[in-house]
Every structure is written in C-alpha cells, then in structure tokens.
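J.: here are the coordinates; sequence isn't available:
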C-alpha cells in the first residue's frame, strides 16, 4: 500500500514499518523516531486507518491515543491463524477484532464477504463450530467460522453456547468444539436471504442480460421493491410539511436514520430543535434511531399499495 498510495510513499512506508514492528504506537512516538512533522504523521495515520491497516484503540498512553497495527482486511484471516498457532490469548484477539464484530452493519458484511455466507447457510440448531467446519470444507478456516458465529450471536441472528473452557496453552484443544448453535432467528434469516437475493439480482443486471424467456430468480422482487421505494420517496417528500421535507430527504433518500449521523451531517445546525416541532418523526431514546409515527406510516403504506398496484399487472 505504501508504495502505491498518492503523496510521499517513503513517509507512509516508514510509518507503516515502525508501527508494524511496535504493534501499538502513538503519533508522538512515531514523530520522535522518524523526525517527521506531527502534521505529516497524522496524515500517514489517517491514510493507514482508511486502508484498514491500523485501528484507533480505546487505550491511552499518557494523553495520547494508541493505534494498533492489524494488517488490513485481507490479512485478518492470516493473522488469526498465526495468533492461534502462537497461542495468543483470546482477550488480545478480542481487542483487535471487537470493532469488527460489534459494528452496526457487521452482520450484513458477512452476507457479501468471501464465502462467509456458507457458514450462515450451513448453521443448524445443535451443530458445533467444528461440525459446521466439516460441512463447509477447508475453504473457510475454523477461526473464521468462530468469528462469524460470534458476530451472528452479537446481532441476534443466532444464539450460541460456549461448551468448553479456554484451551490455554493446549494446542490440540484449540481445535476441539468451542461453540454450539442453540437457536436460529428464522425470521431474521429469511430477511438476510431476501437481501442477498436482491443483491444477486442487482449484480446480475450489472454485467448480464438474461436470454429471452428467462428471468433472474429475484428480478421480480427487485422490480417490485424499486417501485415501492420510488413510491415511498414521492409520498414522503411531496406530501409532508415543508419544514419536515429536508429531514425526510436525509432519513429516507440518504438513509441517515441514526441521530449521530444527522449530528455529523448538520454539523453546527440544531436539527434536534427543529425535530421538536415535527408531527411525524421522533428519536427513539433507547436506540438513537429516528422513527416515524404509526399514523404517518399507515398513510404511507396505503398510498404505496395504491400507487404500486396501479403500476403492476
């Protein structure tokens, strides 16, 4: 990455090499070692973070935040395997990968990354992680399967039970069953199957055109969803109060349905104060998501059904 990134490659290469050797480091430590300016080092860290090579941890060294080298997304599996072979403690792994597991969209990333969907598709109640590994073959490592199961559990797609104590320094025990699938949220699984199917239909349209007389399995659902989405935009953006239209555009058209997102988008403008006058939108105190009132939602639903019904045979 350091050789191809724009700017001054030697600086990026130098900073990347040092933090990789140190594992964790602060900006000031890199400044002292390299004699680069604080501004230059901050720019290097920003690019390294953007490329997925370092993460900003919650740890502090004095008043300085610590950055940790993780090697980039393509190297995660290799590092997991190396860490397992070196008997690195589970807590150290958790520090590095916790952000990947608890990210709000971590579950959806699994749907489209590598062959990870195979783990979800082959998960059955009662199966252990090693039994799932046997089903999917050697294309997906046992460490990856465990990370996917923990991610799915964290986002309530499945519930897993830990069935043995940590292996510690016993290398053989590392490959004994660690988790068992207790239950699967079948309704949520159906939603994920639908999302993957819609993504597949979109992907097919990008490069392909079906032969006459044939249609992609999810093409009909995709077209109906497009009509519903278009109808929702028309109804929400053109039938609401003018003061609400801009906020609705952010929520519906840009999917800024999370209050911190709008804090970032509006910056200094006090959008929360405007929201107090809204008749149709509230902030859910428990989740910080923006929600629509049931009455407004029912009106949208009725109009959408009418509009879409008139556009489809």
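T.: Received it, and whenever you're ready, just let me know what you need. Here the structure is a predicted model, which means the values were calculated and not measured. Numbers count the residues shown, from 1 in each chain.
J.: rest of the way, CA atoms for contacts and neighbours
T.: Noted.
J.: On the three-state scheme, residue 146 is what?
T.: Three-state call for residue 146 (DSSP: H, G, I helix; E, B strand; the rest coil): helix.
J.: pLDDT wise, what is it at?
T.: As predicted, residue 146 sits at a pLDDT of 87.
J.: what do you get for residue 110?
T.: 90.
J.: The residue nearest to it when sequence neighbours are not counted: neighbour count?
T.: Closest residue to residue 110 apart from its sequence neighbours, by C-alpha to C-alpha, 6 or more residues apart in numbering: residue 116 at 5.6 Å. When neighbours are defined as other C-alpha atoms under 10 Å, residue 116 has 18 of them.
J.: Can I take it that residue 60 is in a helix?
T.: No. If the criterion is three-state DSSP, then residue 60 is strand and not within a helix.
J.: mind checking how far it is from residue 284?
T.: Between residue 60 and residue 284 the computed distance is 32 Å (C-alpha to C-alpha, to the nearest Å).
J.: ok, back up a step: give me the phi and psi for the residue nearest to residue 110.
T.: Dihedral pair for residue 116: phi -60, psi -30, per degrees, to the nearest 10.
J.: Spit out the contact partners of it.
T.: 110, 140, 145, 148 (C-alpha atoms under 8 Å, 6 or more residues apart in numbering).
J.: In those, find the pair that's most separated.
T.: Farthest apart among the contacts of residue 116 by C-alpha to C-alpha are 110 and 140. That separation is 12.7 Å.
J.: now the helices for the stretch 51-200 of the chain?
T.: Along the stretch 51-200 of the chain, the stretches classed as helices by DSSP state H, counting those that start in this stretch are 76-85, 90-102, 106-112, 117-121, 129-136, 142-154, 186-207.
J.: same thing with the stretch 201-313 of the chain?
T.: In the stretch 201-313 of the chain, the helices defined using DSSP H, counting those that start in this stretch lie at 219-239, 242-248, 259-266, 271-275, 294-311.
J.: wait, which of those helices is closest to residue 43?
T.: helix 259-266 (21.3 Å).
J.: from the middle of its chain, how far away would the closest one be?
T.: In terms of C-alpha atoms, centre = their mean, to the nearest Å, the centre of helix 259-266 is found 19 Å from the chain centre.
J.: Stretch 296-312: how far from the chain's middle?
T.: 31 Å.
J.: Ok, stretch 108-119 next?
T.: For stretch 108-119, the distance to the chain centre is 11 Å (C-alpha atoms, centre = their mean).
J.: in that stretch, what's buried?
T.: For stretch 108-119, burial by neighbour count (16 or more other C-alpha atoms under 10 Å) applies to 110, 111, 116, 117, 118, 119.
J.: ok, now stretch 123-134?
T.: 123, 124, 127, 128, 129, 130, 131, 132, 133.
J.: which residues sit against it?
T.: Against stretch 123-134 from outside (C-alpha under 8 Å, 6+ apart): 119, 122, 140-142, 145-146, 149, 175-184.
J.: For ChimeraX, what selects the buried ones among those residues?
T.: Those of these that count as buried under 16+ other C-alpha under 10 Å are selected in ChimeraX with:
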select :119,140,141,142,145,146,149,177,178,179,180,181,183,184
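J.: Next, give phi and psi for residue 254.
T.: The phi/psi pair for residue 254 (degrees, to the nearest 10) is phi -110, psi 0.
J.: Understood, closing this out.
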